[in-house]
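Need the 3D shape of this:
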Amino acid sequence: MPAAPFAAARPLVPGLLSSLAAVVLAMGIHLLIPALPAMTVAVVLGILAANLPGSSQAVAGILRPGLNSAGKHLMRAGIVLLGLKLVLTDLLGLGWKTFGLIVAVVLLSFLGTWLIAKAFRLPGDSPVLIASGFSICGASAIGAMAAVRGTAQKDTVMPVALVTLCGTLAIGVLPLLSKPLGLSPLEFGQWAGASVHDVGQVVATAQTAGAAALAAAILVKLTRVVLLAPIVATSSLLERRNRPAGSKMPAIVPLFVIGFLAMMALRSTGWLGAPVLETGAILQDVLLGAALFGLGSAVRVRELLGTGLRAVLTALLSWLLIAFLGLLAVRLMDS
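Residues are numbered from 1 along each chain as shown. Sure, this is the predicted structure:
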């Protein structure tokens, strides 16, 4: 009997090991080219693995069970550890005006993106997944929202690819606009934190303007991350209301979101020393990187190009919307 769980897990091993190897490679590339976030590199490596002739067969075959497991379970574990980046006192120190403006950016960009996706008639849960990723925290938010809605993993592939594409676009474009818009380093950091999707992409964008910009960007961005829990919980409540009586209901607050909040509370106590926090940050990067490689490996470029034009237009319009809302919020913060 004890051997049964190991037998069931054996098919997952090749894919999980390949995901971990991809994370090591992604982190190595990030060290060589700091402007490229490791998480973005991990998604790109997954897409390449799925579409290059030498690796696509293995990705679709022996590696697939482990890659699917990484995309689902390691993503949730990484979201839990993301809570270790948040300190309540830092967020409260923003002041009610700044906090309210950040909340407004998230809610308006979420609603705006959802309406754009609906206007382009994107199918299934794509509108809410894309809205979550663009407005809150990239692929992590997509994974969390997909979990509470019971979305099939294959249906998260396109939203993850789009949020990665536009977040990478922001790394190159936003710094070029800083001077024409007359932004100080602090204002540029706030803008990056309010409008770029993934935490790693925010860091890569803001660090171009110096330490002050980076600190402001991280604080604003993590405030957006805090909103992951209430928005996911609200979506879960709506999902429960819309499901027929007798069907399986999603948890109001999923276990991994409770874990995320618990890690945030633990970090806020000040009990955790620097070594523990550094270890947690590394482990979080490994887990999310492996998950994103797994999700990226499900992207078939030919299929995406053939069916994703409306989705690409949705993503670009959403990217412009949140950039505008973020810039407007920064102007209002300083007024």
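
number of nearby residues for the closest residue to L272 other than its chain neighbours?
In this structure, L272 finds its nearest non-sequential neighbour in L266, 6.5 Å apart by C-beta to C-beta, 6 or more residues apart in numbering. Where C-beta positions appear, they are placed from N, C-alpha and C, glycine not excepted. Neighbourhood size, L266 [other C-beta atoms under 10 Å]: 15.

Within the helices and strands, which one has L266?
helix 255-269 (DSSP states H and E).

before we move on, back to that, is it true that the residue nearest to L272 touches L81?
No. In this structure, L266 is not within contact of L81 by C-beta atoms under 8 Å, at 10.9 Å.

Check which residues of the helix or strand encompassing R240 are buried.
Assessed by DSSP H and E, R240 sits inside helix 228-242. For helix 228-242, burial by neighbour count (16 or more other C-beta atoms under 10 Å) applies to 228-229, 231-233, 235-236, 239.

now the angle from that helix to helix 255-269?
160 degrees (axes from the mean of the first three to the mean of the last three C-alpha atoms, to 10 degrees).

picking that back up, and the helix holding L266, what does it pack against?
If you count contacts as 3 or more C-beta pairs under 8 Å, 6 or more residues apart in numbering; DSSP states H and E, helix 255-269 packs onto helix 75-82, helix 88-92, helix 139-149, helix 228-242.

Mind doing that once more with 10 Å?
helix 75-82, helix 88-92, helix 139-149, helix 211-226, helix 228-242, helix 274-296 (3 or more C-beta pairs under 10 Å, 6 or more residues apart in numbering; DSSP states H and E).

What angle do helix 75-82 and it make with each other?
Using the same axes, to 10 degrees: helix 255-269 against helix 75-82 is 20 degrees.

Go through helix 255-269 and flag the buried ones.
256-257, 259-261, 263-264, 267-268.

mind exporting that helix as CSV, just the C-alpha atoms?
Listed next in CSV are the C-alpha coordinates belonging to helix 255-269 (Å, rounded to 0.1, in the frame of the first residue of the first chain):
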residue,chain,number,x,y,z
LEU,A,255,-7.0,27.4,0.9
PHE,A,256,-4.0,28.8,-1.0
VAL,A,257,-5.4,32.4,-0.7
ILE,A,258,-5.8,31.8,3.1
GLY,A,259,-2.2,30.7,3.1
PHE,A,260,-1.3,33.9,1.2
LEU,A,261,-3.0,36.0,3.9
ALA,A,262,-1.4,34.0,6.7
MET,A,263,2.1,34.5,5.2
MET,A,264,1.4,38.2,4.9
ALA,A,265,0.3,38.3,8.6
LEU,A,266,3.4,36.4,9.6
ARG,A,267,5.7,38.7,7.8
SER,A,268,3.9,41.7,9.4
THR,A,269,4.7,40.4,12.9
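
Averaged pLDDT, that helix. What do you get?
What helix 255-269 shows for mean pLDDT is 88.

can you give me the offset of it from its chain's centre?
18 Å (C-alpha atoms, centre = their mean, to the nearest Å).

cool, and stretch 231-244?
The answer for stretch 231-244 is 21 Å, by C-alpha atoms, centre = their mean.

counting contacts, what elements does the helix holding R240 pack onto?
By 3+ C-beta pairs under 10 Å, 6+ apart, helix 228-242 packs against helix 75-82, helix 96-119, helix 126-132, helix 139-149, helix 255-269.

Mind doing that once more with 7 Å?
helix 139-149, helix 255-269 (3 or more C-beta pairs under 7 Å, 6 or more residues apart in numbering; DSSP states H and E).

can you put the ones you listed in a markdown table and add distance to P275?
As requested, the helices and strands packed on helix 228-242 are arranged in a markdown table below (distance: least, C-beta to C-beta, whole Å):
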| stretch | distance to P275 |
| --- | --- |
| helix 139-149 | 24 |
| helix 255-269 | 14 |
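
if we compare these, which one ends up closest to A77?
In terms of C-beta to C-beta, the element of the helices and strands packed on helix 228-242 nearest to A77 is helix 255-269, at 7.4 Å.

I am finished for the moment; much appreciated.
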